[in-house]
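Novice: what would the 3D arrangement of this be:
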Amino acid sequence: MPTAQTQTITDVPMLVAGQWRASTAERFTDVYNPSTGQVIARTPLCSSEETSQVVESAAAALPQWSNTPVVERARVMFAVRELMQRHFDDLAALITREHGKTLGESRAEVQRGLEMVEFACGIPSLLMGQNMPDIATEVDAELIRHAVGVCVGITPYNFPNMVPLWMIPVAITCGNTFVHKPSEKVPLSAVRIGELLVEAGLPDGVFNIVHGDRACVETLLTHPLVSAVSFVGSTPVAQHVYQTATHAGKRVQSSGGAKNHLIIMPDADIDLAVKGLAASAYGCAGQRCMAGSVAVTVGDAADPTVESLHDLASHMRVGPTDGCDDVDMGPLIRREHVDRVAGYMDVAAGDGADVVLDGRREFDGDGFLLGPCIIDRVETSMRIWREEIFGPVLSVVRAADLDAALAIGDQCEYGNGATIFTNSGHAARQFKQHFNAGMIGINVGVPAPMAWFPFTGWNRSFFGDLHTQGVEAIQFYTRSKTVLTRWFKSPDASHHDPVWKSQGAGKN
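Specialist: Predicted coordinates for the structure are as follows:
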């Protein structure tokens, strides 16, 4: 492996009209390997003018691609599927290198992305419309679906492979062209996805990549040739994306942040619950919108849950992940993010909470590392409960009963996911029916749906009407057209009947 002194720092390319090219940007931002702290690439921050060129490339490719038979479009996805399987381990290693996930977590991410590609392979069946003969006298009705147009995907750093694949396969197989703006922190996986799409035979201009910050994003949100925008990120940015793009006449699905609650009932299997809590709170170093942020212990479940969780979390192996397969939790994305997340320990203590496990300690190397953190006796008035932290920090709120636990959820402005650990069917049903979140788990630590079901965040965790994944994604990336048909019989039908003419000629 090259040393820091000899390592070549490359500029991340754009993909425009099927060609890889260097940006003309004057500003760049560094891409780090979070395990080592080393700079491994530079991302260009494209201007509004250069961003517009990319959109125009997608618009130029739209007419031919949208008129390509859907079965042929799906065949490209079958080719992508084969390429992803062939390069599975390399894709996972790239995620670990630029994001910091453990190799196991990166493999799981690639698998989830692959499932979205497999879902897109079946789009010919999902695009079938509806029809009703004789909806009125000699009038037939049918509903058909058309592509929306140029679609934009703006994706976050925490899932550089999976989240883009929530959008790209469905959008392009539905007949749209696509412009991807990946997070400037993790652009390398996006480039690799683009290489696979090109290798799979996708026509030039159907898929494009542009890089940038606010200037680039604002151009994408308001460009007159863009028809739809998909976004995943923090809630303040998600709300801005939604408001800006809808004001410009786009259809928008905009996923924001979360504060996911996990309820532990007194009758729960505590060992199972604690393992689920740890996997949810500390998986991907807590940098995911489905991470467990708040454990709500009900009644007598509190002390044994906290004690067992402390024992498990304090023995987790935390360290570099790039080239290592023997750690339980890897680094955070940036040094400044470590400092921000770690600062919540002092905030919590100042508000009167009990810092049971502080993840701040000395680690070998220059990676962006922070250990698991546990904050007990948190109240809903505290910042540690109200704010999305996006790191390996688990707050514990104590509730007297299930009704009190449900009431805690009602106070939360977010609404992504929530889980209950219980052996009671009644408690599970009450939770499923009444907890204030769009994705519910029962004895499941991370209730993230697979490709065939939509990712149904609620409240300020989602802005829009149609979510990513599942049939809602098909609806988002297509427009419905209803056709009413009536054919009148000609007064002298024989003159317009080629079969009759043929038969008559033979008789003569």
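
Novice: now the most centrally placed residue in the chain: how far from residue 189?
Specialist: Among the residues of the chain, the one closest to the centroid is residue 163, at 3.2 Å (C-alpha atoms, centre = their mean). Remark: distance between residue 163 and residue 189 (C-beta to C-beta, to the nearest Å) = 10 Å. Every residue, glycine included, has its C-beta placed from N, CA and C.

Novice: identify the residue spatially nearest to the residue nearest to the centre of the chain, adjacent ones excluded.
Specialist: In this structure, residue 163 finds its nearest non-sequential neighbour in residue 155, 4.7 Å apart by C-beta to C-beta, 6 or more residues apart in numbering.

Novice: quick check: phi and psi on the one you found?
Specialist: With angles defined as degrees, to the nearest 10, residue 155 sits at phi -120, psi 160.

Novice: how about residue 64: what's its closest non-neighbour residue?
Specialist: residue 203 (7.0 Å).

Novice: hang on, that neighbour packs against residue 63?
Specialist: No - counting by C-beta atoms under 8 Å, residue 203 stays clear of residue 63, with 11.4 Å between them.

Novice: element containing the closest residue to residue 383 other than its chain neighbours?
Specialist: Leaving aside its sequence neighbours, residue 383 sits nearest to residue 347 (C-beta to C-beta, 6+ apart; 5.4 Å). Using DSSP states H and E, residue 347 falls within helix 335-350.

Novice: run through the neighbouring helices and strands of that helix.
Specialist: strand 354-357, strand 373-376, helix 383-386, strand 393-399 (3 or more C-beta pairs under 8 Å, 6 or more residues apart in numbering; DSSP states H and E).

Novice: how many neighbouring residues does the residue lying closest to residue 475 once chain neighbours are set aside have?
Specialist: Spatial nearest neighbour of residue 475, excluding adjacent residues (C-beta to C-beta, 6+ apart): residue 466 at 5.2 Å. Using other C-beta atoms under 10 Å, residue 466 has 18 neighbouring residues.

Novice: shouldn't residue 466 be in contact with residue 476?
Specialist: Yes - at 4.0 Å, residue 466 counts as touching residue 476 under the criterion of C-beta under 8 Å.

Novice: list residues touching both of the two?
Specialist: The contact sets of residue 466 and residue 476 overlap at 251, 253 (C-beta atoms under 8 Å, 6 or more residues apart in numbering).

Novice: show me where the stretch 301-450 of the chain has helices.
Specialist: Ranges of helices in the stretch 301-450 of the chain, per DSSP state H, counting those that start in this stretch, are 302-314, 335-350, 383-386, 402-410, 425-434.

Novice: quick one: the fourth one to helix 425-434, angle?
Specialist: Angle between the axes of helix 402-410 and helix 425-434 is 20 degrees (criterion: axes from the mean of the first three to the mean of the last three C-alpha atoms, to 10 degrees).

Novice: okay, residue 64: pLDDT?
Specialist: Note on residue 64: pLDDT of 98.

Novice: ditto for residue 324
Specialist: pLDDT, residue 324: 87.

Novice: ditto for the one 4 residues further on
Specialist: We have a pLDDT of 97 for residue 328.

Novice: kindly report the same for the one 4 residues further on.
Specialist: The predicted local distance difference test score for residue 332 is 98.

Novice: count the neighbours of it for me.
Specialist: By other C-beta under 10 Å, the residues close to residue 332 number 27.

Novice: surely it meets residue 341?
Specialist: Yes - counting by C-beta under 8 Å, residue 332 touches residue 341, with 6.7 Å between them.

Novice: what is in contact with those two at once?
Specialist: Shared contacts of residue 332 and residue 341, defined by C-beta under 8 Å, 6+ apart, comprise 370, 391.

Novice: so residue 394 bridges to which residues?
Specialist: Beta-bridge pairing of residue 394 under DSSP bridges involves residue 374.

Novice: give the contact list for it.
Specialist: So residue 394 contacts 277, 281-282, 292-295, 309, 313, 372-375 (C-beta under 8 Å, 6+ apart).

Novice: I'd like the residues you listed written out as a markdown table, with neighbour count added.
Specialist: Below are the contacts of residue 394 laid out as a markdown table (neighbours: other C-beta atoms under 10 Å):
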| residue | neighbour count |
| --- | --- |
| 277 | 25 |
| 281 | 28 |
| 282 | 25 |
| 292 | 28 |
| 293 | 28 |
| 294 | 24 |
| 295 | 31 |
| 309 | 27 |
| 313 | 25 |
| 372 | 26 |
| 373 | 27 |
| 374 | 24 |
| 375 | 28 |
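
Novice: tell me the one among those residues nearest to residue 244.
Specialist: Nearest to residue 244 out of these is residue 293 (C-beta to C-beta; 27.8 Å).

Novice: and that closest one, how far is that from residue 56?
Specialist: The spacing between residue 293 and residue 56, counted by C-beta to C-beta, is 42 Å.

Novice: show me what the host helix or strand of residue 217 is packed against.
Specialist: Per DSSP H and E: residue 217 is located in helix 214-222. On a contact count with 3+ C-beta pairs under 8 Å, 6+ apart, helix 214-222 meets helix 48-66, strand 150-154, strand 177-181, strand 226-232, helix 235-247.

Novice: who's in contact with the longest one?
Specialist: It refers to helix 48-66. With C-beta under 8 Å, 6+ apart as the criterion, helix 48-66 contacts 14, 16-17, 23-25, 46, 73, 146-147, 149-150, 152, 172, 175-179, 203-206, 208-210, 212, 215-216, 218-220, 223, 225-226.

Novice: give me the buried subset of these.
Specialist: Among those, those scoring as buried are 14, 16-17, 23, 25, 46, 73, 147, 149-150, 152, 172, 175-179, 203-206, 208-210, 212, 215-216, 218-220, 223, 226 (criterion: 16 or more other C-beta atoms under 10 Å).

Novice: who's in contact with the helix holding residue 347?
Specialist: Residues contacting helix 335-350 (C-beta under 8 Å, 6+ apart): 37, 286, 331-332, 355, 358-360, 368-370, 373, 375, 378, 382-384, 389-393, 395.

Novice: circling back to that earlier point, give me the phi and psi angles of the residue nearest to residue 475.
Specialist: Per-residue torsions, residue 466: phi -110, psi 130 (degrees, to the nearest 10).

Novice: tell me the spacing between it and residue 179.
Specialist: Residue 466 is 19 Å from residue 179, where distance means C-beta to C-beta.

Novice: try residue 43
Specialist: Note on residue 43: its distance to residue 179, by C-beta to C-beta, is 16 Å.

Novice: quick one on the thing from earlier: list the buried residues of the helix holding residue 347.
Specialist: Burial within helix 335-350, assessed by neighbour count using 16+ other C-beta under 10 Å, is assigned to 335, 337, 338, 341, 342, 344, 345, 348.

Novice: out of the residues you listed, who's nearest residue 84?
Specialist: Nearest to residue 84 among these: residue 337, at 29.1 Å, using C-beta to C-beta.

Novice: which residues does the residue lying closest to residue 325 once chain neighbours are set aside contact?
Specialist: Among residues not flanking residue 325 along the chain, residue 103 sits closest, at 5.1 Å (C-beta to C-beta, 6+ apart). Residues in contact with residue 103 (C-beta under 8 Å, 6+ apart) are 92, 93, 96, 321, 324, 325.

Novice: tell me how far the one helix or strand the second one maps to lies from the chain's centre.
Specialist: When you say that, I think you mean residue 93. Using DSSP H and E, the element containing residue 93 is helix 88-99. Relative to its parent chain, helix 88-99 has a centroid offset of 17 Å by C-alpha atoms, centre = their mean, to the nearest Å.

Novice: for that helix, packing partners?
Specialist: Under the contact criterion of 3+ C-beta pairs under 8 Å, 6+ apart, helix 88-99 touches strand 28-33, helix 103-121, helix 188-199.

Novice: what's the closest of these to residue 241?
Specialist: When those are compared by C-beta to C-beta, helix 188-199 sits nearest residue 241, at 18.1 Å.
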